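J.: Need the 3D shape of this:
(one chain, ligands or ions: 1)
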Amino acid sequence: MLEHETLLDLGQEWRELAACSGRYDDLFFPINEAEKSAVRAAKAVCQTCPVQTDCLSYALETGQADGVWGGLTSRERRVERRQRQARIRRAS
Ligand code: SF4
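T.: Numbering: from 1, shown residues only. The predicted model follows:
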């Protein structure tokens with residue numbers, strides 16, 4: 001875990017409130033995302049997380065390729081990223 005000042009410097013103070021704090025394990029980074037029970041368990045934690053929106057934004061902005069972030073798997077984030085980009089293009 002990064003020191004508090006480092007998190008603030010990075011704009012990642014939301015991590016301090018993460019429901020998964022300290023759980024960088026098979027639950028959030030299953031070897032096979034097709035392993036539905038692990039993904040479901042991780043998503044259940046995300047549903048209780050007070051910083052889910054911040055977490056998902058961070059994962060999308062930084063292109064996190066693996067694991068469950070903000071309640072979405074890597075595949076779901078790719079879809080979400082494409083949908084957000086399409087909305088931005090339509091709005092401009
Ligand atoms: S949304 Fe999920 S992955 Fe993100 S910080 Fe919260 S519990 Fe962790």
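J.: Please count neighbours and contacts with C-alpha atoms only from this point.
T.: Noted.
J.: ok, now which ones touch Leu17?
T.: Residues in contact with Leu17 (C-alpha atoms under 8 Å, 6 or more residues apart in numbering) are Cys49, Pro50, Val51.
J.: do that again at 7 Å, thanks
T.: Pro50, Val51 (C-alpha atoms under 7 Å, 6 or more residues apart in numbering).
J.: From Pro50, how far out is it?
T.: Distance of Leu17 to Pro50, computed by C-alpha to C-alpha, to the nearest Å: 7 Å.
J.: Show me the shaky parts of the protein.
T.: 1-10, 24 (pLDDT under 70).
J.: residues from it in reach of the ligand?
T.: Taking C-alpha under 6 Å from any ligand atom as the contact definition, the chain meets the ligand at 18-20, 45-46, 49, 51-52, 55, 68-71.
J.: Could you point out the longest helix of the chain?
T.: For the chain, the longest helix by residue count, based on DSSP state H, is helix 74-91.
J.: Now tell me what touches it from outside.
T.: With contact meaning C-alpha under 7 Å, 6+ apart, helix 74-91 is reached by Leu60, Ala65, Asp66, Gly67, Val68.
J.: residue boundaries of the helices in the chain?
T.: Counting by DSSP H, the helices of the chain are 4-9, 36-47, 52-62, 74-91.
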